[in-house]
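Asks: Below are the sequence and a predicted model for it; my questions follow.
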Amino acid sequence: MELGRIKSIALSGSGDLITELGGSPDRVARAAGLDPRALAMADLSVDCETAATYFELAARHCGADDFGLRLARRQGLQILGPLWVLARSAGSISEGLEDIVANIASFSTAMSLHLRDDSAGRALCYDLRMTGDAPVRQLMELGLACFCFELGQCLGPSWQPAAVQFRHAAPADVSAHRRAFRADVMFNQDRDALVIDHLSCARPMRNPSERAHRVLGSALRMQALGETTADEVRTELAVRALLPSGRFDLPCVANELGIGARTLQARLARRGASFQGIVDQVRIELATRYLRNSQLTASEISERLHFADSTAFSRFMKTKAGVTPSEIRRTR
């Protein structure tokens with residue numbers, strides 16, 4: 001699958017939901033530049049930016065600000081196919097999440113998932129690798145809500161996440177978010193994440209099967225042979241994972257990847273890439289997303305992305321992206 005793509009099964013149920021809300025699925029799809037056939041077929045390859053635009057237009061078309069949350073109740077993680085089955089056969093919740101994180105590229109080359117441990121538990125962090133500036137709120141809320149509903153199925157109706165975090169601004173009414181996640185939701189954060197407490201992570205899956213887990217794991221690994229993730233992609237994913245901590249320099253990223261800093265530089269150079277170029281691109285993408293979708297000030301964004309100050313941030317955006325933060329915000 002090409003980079004930045006997602007399987008059309010990720011759109012499943014959306015057409016029916018649009019119809020139930022009084023809208024026209026074909027009209028929304030065509031407005032987003034999406035082939036309407038993708039709404040009925042599971043294995044088409046869809047550009048992730050187009051999918052994100054489709055979900056945002058669906059929410060506006062139907063007057064349903066919580067469109068992604070509504071759709072999550074219909075989809076669940078079943079859309080992941082064999083990857084979902086692999087995770088459900090794991091020995092524990094934590095192991096199942098690790099399986100999904102390790103193999104998510106088999107479902108989408110645009111989705112980035114990683115697990116970070118903190119005092120509250122294990123944070124499942126979700127990101128999208130997109131070169132454009134399409135709004136992603138509905139797609140982000142859909143993804144994390146699907147995980148939350150699946151965990152609720154495994155851990156019981158009384159379970160709730162330790163924390164739910166989104167980079168985008170809070171909507172006028174957050175009651176749908178409280179119902180979906182059964183917890184308070186934090187907005188304007190430095191990551192999009194679902195935090196699962198350590199005790200819940202250690203709980204067993206409902207239907208663990210060592211044999212099924214071994215067979216499915218081997219099948220997915222065989223599928224990945226010959227499709228090894230390029231070094232620049234692995235580097236980008238590591239930068240995204242480490243950026244909130246501020247420790248995303250070359251030695252830290254190389255250590256995260258389990259190789260030496262000089263080796264990483266040499267590998268990137270052979271592919272015509274550079275470490276600093278990758279860092280710059282991630283910062284530009286996240287800065288644009290914050291400026292368009294959050295209520296953070298330029299100063300707060302510069303701090304989130306670890307610039308010396310807002311002046312340095314503005315100078316960086318003007319030099320690297322050709323546009324200042326204030327210009328991006330005016331056109332959001």
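Replies: It's in.
Asks: And the residue lying closest to residue 168 once chain neighbours are set aside, how close does it get to residue 326?
Replies: In space, not counting the residues next to it along the chain, residue 168 is nearest to residue 293; the distance is 4.0 Å by C-beta to C-beta, 6 or more residues apart in numbering. All C-beta atoms are positioned from the backbone trio N, CA, C, and that covers glycine. Counting by C-beta to C-beta, to the nearest Å, the gap between residue 293 and residue 326 amounts to 16 Å.
Asks: What's the first helix or strand after the helix-or-strand element of the chain with minimal mean pLDDT?
Replies: Of the helices and strands making up the chain, the lowest-confidence element is helix 210-224, at a mean of 68, by mean pLDDT, DSSP states H and E. The element immediately downstream of helix 210-224 (helix or strand, assigned by DSSP states H and E) is helix 231-242.
Asks: Just the CA coordinates for the helix or strand hosting residue 288, please, in PDB.
Replies: The secondary structure element spanning residue 288 is helix 275-293 (assigned by DSSP H and E). Output for helix 275-293, consisting of C-alpha atoms alone and laid out as PDB, is shown next (Å, rounded to 0.1, in the frame of the first residue of the first chain):
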ATOM      1  CA  PHE A 275      17.100  13.900  10.000                       C
ATOM      2  CA  GLN A 276      16.500  17.700  10.300                       C
ATOM      3  CA  GLY A 277      14.300  17.700   7.300                       C
ATOM      4  CA  ILE A 278      12.100  15.100   8.800                       C
ATOM      5  CA  VAL A 279      11.900  17.000  12.100                       C
ATOM      6  CA  ASP A 280      11.000  20.200  10.300                       C
ATOM      7  CA  GLN A 281       8.200  18.500   8.300                       C
ATOM      8  CA  VAL A 282       6.600  17.000  11.400                       C
ATOM      9  CA  ARG A 283       6.800  20.400  13.200                       C
ATOM     10  CA  ILE A 284       5.200  22.200  10.200                       C
ATOM     11  CA  GLU A 285       2.400  19.600  10.000                       C
ATOM     12  CA  LEU A 286       1.600  19.700  13.700                       C
ATOM     13  CA  ALA A 287       1.900  23.500  13.800                       C
ATOM     14  CA  THR A 288      -0.600  23.900  11.000                       C
ATOM     15  CA  ARG A 289      -3.000  21.500  12.700                       C
ATOM     16  CA  TYR A 290      -2.800  23.400  16.000                       C
ATOM     17  CA  LEU A 291      -3.300  26.700  14.200                       C
ATOM     18  CA  ARG A 292      -6.300  25.500  12.300                       C
ATOM     19  CA  ASN A 293      -8.000  23.400  14.900                       C
END
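Asks: now that helix, how far from the centre of its chain.
Replies: Relative to its chain's centre, helix 275-293 lies at 15 Å (C-alpha atoms, centre = their mean, to the nearest Å).
Asks: Stretch 48-68 now?
Replies: Relative to the chain's own centre, stretch 48-68 is displaced by 16 Å; criterion: C-alpha atoms, centre = their mean.
Asks: Mind listing what's buried along it?
Replies: Along stretch 48-68, these residues count as buried under the neighbour rule (16 or more other C-beta atoms under 10 Å): 48-59, 61-62, 64, 66-68.
Asks: quick one: which of residue 293 and residue 326 has more around it?
Replies: residue 293 (20 against 11; other C-beta atoms under 10 Å).
Asks: isn't that one right next to residue 171, touching?
Replies: No: with contact defined as C-beta atoms under 8 Å, residue 293 and residue 171 do not form a contacting pair (11.1 Å).
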